[in-house]
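Q: Okay, here's the prediction I keep looking at, along with the sequence it came from:
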Amino acid sequence: MAVRRTSEEEGSVSLLQFCALTAILRLTVAAPRETVWEIDPHTAKKHEIVQRYFQAWLPIVASWAGRVLYIDGFAGPGKYKGGEDGSPLIVLKAARDHSHRPKGEVIFIFVEAHEDRFEHLQAVVNDVQATLPKNFKVYCVRGRFNEQLQSVFRDLDEQKKKIAPALVFVDPFGFSHTPFATIARLLQNKSCEALITFMYEEINRFLGHPDHEGTYDELFGTAAWRRVLDVSNPDERRRQIHDTYLAQLQREAKFVRSFEMLNRGNRTDYFLFFASNNPRGLEKMKEAMWQVDKSGTFQFSDYTDERGILTLFGNTPDYGLLKGLISERFKGQEVSIEALGDFVVAETPFLRTHFKTQILRPMEVANELTVTKAKLGRKRGTFPDGTAMRFN
């Protein structure tokens, strides 16, 4: 593996091993042939999610960890044909310009397999290198992933070392070279989180091809995907493919959320899966997703109306849906406001900001819930910490 460091300082062996770690997480099947290409609208939205979450993740993790990692498993050329920043520059600039920039070591690892794109990536990263603080260490790595990452895992095992807290962006063009076993191994590190592009369109297209059976077994980490082969209804087929991968991630991480990305034909192109073992990480990722889709359906489409305007599905949360989820879960039960908030974040698409005023206040007015515990002086229709209620 060719490793080129953009900083003039020498790196330790362990840091080089961390560089190799990223070589896994990306797949180059069905990638564009050009060195640079036009950015798709849904890719721009995906980058917005990455940027928003990274900005929230960085100061939180850096507040308790002396070293943090951001790994981009398929960095690409760093810029698009129109001059738009790719994901490497987006996160570098977000970290550099952060109002709470960490003082500890922040390591950025960008992996690219194609030589021409790798050279372009290194050039654009070098252009911003001088503007970065000295505690930022940036590595550009040319290579593929899975083979490299497995080698790194073996080295870490032999040395009895663990990876530092990491946010890993797994963003392939296709579906090979990303075995689920590798994702699972990454998530065994409880301080590691993954944002994974699951290439539904290509996966669905080749699902029944006999040449890919072994690849799909590795991709899903199970043979359960074979049950989908006999499903002809497109919506049900999409749901089952999604849910099969979701179930696998839920075996390895406590909190998993997906975001559906639609193409110009208004069909599902891919899903973004976020996996974390930290409830705060889930909450911050959902906040990032809600900034992209304020309906809470977690979809973004490249479909355009006749005026050429991008269409985001929905403009407001479906509070009726949230009320139904809360009522079904807690009917006849007493629950604290804190536990209710945890349920909303972990078990529904919604946020903590979505249920006190919008759901609980009108339910109390309609006598659909009874406050059983409250601080002295609580005003009706408010639900501060320490409040408990029973749903009638």
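A: Sure, I can see it. Numbers count the residues shown, from 1 in each chain.
Q: Look at the closest residue to residue 212 other than its chain neighbours and report its pLDDT.
A: With Cβ to Cβ, 6 or more residues apart in numbering as the criterion, residue 212 has its nearest non-adjacent residue at 5.2 Å, and that residue is residue 206. In short, each C-beta sits where N, CA and C put it, glycine included. At residue 206, the model reports a pLDDT of 92.
Q: okay, now residue 206: neighbour count?
A: For residue 206, the neighbour count with other Cβ atoms under 10 Å is 15.
Q: And it, its phi and psi?
A: phi -110, psi 10 (degrees, to the nearest 10).
Q: how about low-confidence regions in the stretch 1-150 of the chain?
A: Within the stretch 1-150 of the chain, the ranges that satisfy pLDDT under 70 run 1-31, 148.
Q: From residue 178, how far out is the residue nearest to residue 212?
A: Applying Cβ to Cβ, to the nearest Å, the value for residue 206 to residue 178 is 14 Å.
Q: Next: residue 337.
A: Taking Cβ to Cβ, one finds residue 337 at 41 Å from residue 178.
Q: How about residue 116?
A: Distance of residue 116 to residue 178, computed by Cβ to Cβ: 22 Å.
Q: how many other residues sit next to residue 88?
A: The tally of other residues near residue 88 (other Cβ under 10 Å) stands at 27.
Q: mind listing the strands in the stretch 201-350 of the chain by residue range?
A: For the stretch 201-350 of the chain, the strands defined by DSSP state E, counting those that start in this stretch cover 255-262, 268-276, 299-301, 334-336.
Q: actually the stretch 51-200 of the chain, not the one I wrote
A: Using DSSP E, counting those that start in this stretch, strands in the stretch 51-200 of the chain cover 67-72, 105-112, 136-142, 166-170, 192-198.
Q: and residue 341, what pLDDT?
A: 95.
Q: The one 4 residues further on too?
A: According to the predicted model, the pLDDT of residue 345 comes to 91.
Q: Surely it is in contact with residue 283?
A: Yes: counting by Cβ atoms under 8 Å, residue 345 does reach residue 283; the two are 5.1 Å apart.
Q: shared neighbours of the two, anything?
A: Shared contacts of residue 345 and residue 283, defined by Cβ atoms under 8 Å, 6 or more residues apart in numbering, are found at 351-352.
Q: just to revisit the earlier point, would you convert the strands of the stretch 201-350 of the chain into a markdown table that also reports mean pLDDT?
A: What follows is the strands of the stretch 201-350 of the chain, written out as a markdown table (pLDDT from 0 to 100):
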| stretch | mean pLDDT |
| --- | --- |
| strand 255-262 | 87 |
| strand 268-276 | 92 |
| strand 299-301 | 59 |
| strand 334-336 | 97 |
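Q: Dump those strands into JSON lines; add distance to residue 225 and mean neighbour count as well.
A: Formatted as JSON lines, the strands of the stretch 201-350 of the chain follow (distance: least, Cβ to Cβ, whole Å; neighbours: other Cβ atoms under 10 Å):
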{"stretch": "strand 255-262", "distance to residue 225": "16", "mean neighbour count": "21"}
{"stretch": "strand 268-276", "distance to residue 225": "14", "mean neighbour count": "23"}
{"stretch": "strand 299-301", "distance to residue 225": "23", "mean neighbour count": "22"}
{"stretch": "strand 334-336", "distance to residue 225": "37", "mean neighbour count": "16"}
